[in-house]
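Participant: Fold the following and give me the result.
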Amino acid sequence: MMDVNEIRQYLPHKYPFLLVDRVVELHLNESIIAYKNVTINEPFFNGHFPNHPVMPGVLIIEAMAQAAGILGFKTSDKTPADGSIYYFVGSDKARFKRPVVPGDRLQLEAKILTQKRGIWKFECEATVDGELVCAATIMCADRKI
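Facilitator: Residues are numbered from 1 along each chain as shown. Purely as a prediction, here's the structure:
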């Protein structure tokens, strides 16, 4: 549904911090399914961990937040070019169930729970091959740049 060129219109992130490669499903006011292809070329694998590469959990949370941000932008019909940005402002109930390693395709799902006065709350999950990697409630704030 959205390739990386369109995603870059909705997220202000640039390499190496853009963590969404493709959106495969998007329902305005409801949910999004996107993914990140995890490769050994990711810069964080040089130090985390050199002989046992594992994607850092904070980057998994960030990837889910980026997918949620795309959903918020699309639902609001805004882009960063309009002077709007979604800040990650919190997460609750984050739990990690398995590591993410090079070669994995990290599926990112976000569902809108609430949206009030520019504060969005999303229920998010990250999976690999249908196996739960991480679940969290993520909050983002829509603010003017």
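
Participant: residues touching residue 120, list them.
Facilitator: Neighbouring residues of residue 120 by CB atoms under 8 Å, 6 or more residues apart in numbering: 68, 72, 86, 112, 114, 139, 140, 141, 142. Placement of C-beta: from N, CA and C, glycine included.

Participant: Among these, which are located in helices?
Facilitator: 68, 72 (DSSP state H).

Participant: okay, now the residue lying closest to residue 38 once chain neighbours are set aside: neighbour count?
Facilitator: Leaving aside its chain neighbours, residue 38 sits nearest to residue 104 (4.7 Å; criterion: CB to CB, 6 or more residues apart in numbering). Using other CB atoms under 10 Å, residue 104 is surrounded by 20 other residues.

Participant: Quick check, residue 104 in contact with residue 39.
Facilitator: No - Residue 104 is beyond contact range of residue 39, at 9.3 Å (criterion: CB atoms under 8 Å).

Participant: what about this protein, any weak spots by pLDDT?
Facilitator: Within the chain, no range satisfies pLDDT under 70.

Participant: what about the helices in it?
Facilitator: Using DSSP H, helices in the chain cover 4-10, 57-76.

Participant: got those helices as CSV, with distance to residue 135 and mean neighbour count columns?
Facilitator: Below are the helices of the chain laid out as CSV (distance: least, CB to CB, whole Å; neighbours: other CB atoms under 10 Å):
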stretch, distance to residue 135, mean neighbour count
helix 4-10, 23, 14
helix 57-76, 9, 22
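
Participant: can you put the ones you listed in a markdown table and add distance to residue 94?
Facilitator: A markdown table is the format used below for the helices of the chain (distance: least, CB to CB, whole Å):
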| stretch | distance to residue 94 |
| --- | --- |
| helix 4-10 | 24 |
| helix 57-76 | 6 |
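
Participant: Residue 111: what's it in contact with?
Facilitator: Counting by CB under 8 Å, 6+ apart, residue 111 has contacts 30, 31, 122, 123, 124.

Participant: if I pick the residue nearest to residue 38, what's in contact with it?
Facilitator: Here residue 104 is in contact with 38, 55, 128, 129 (CB under 8 Å, 6+ apart).
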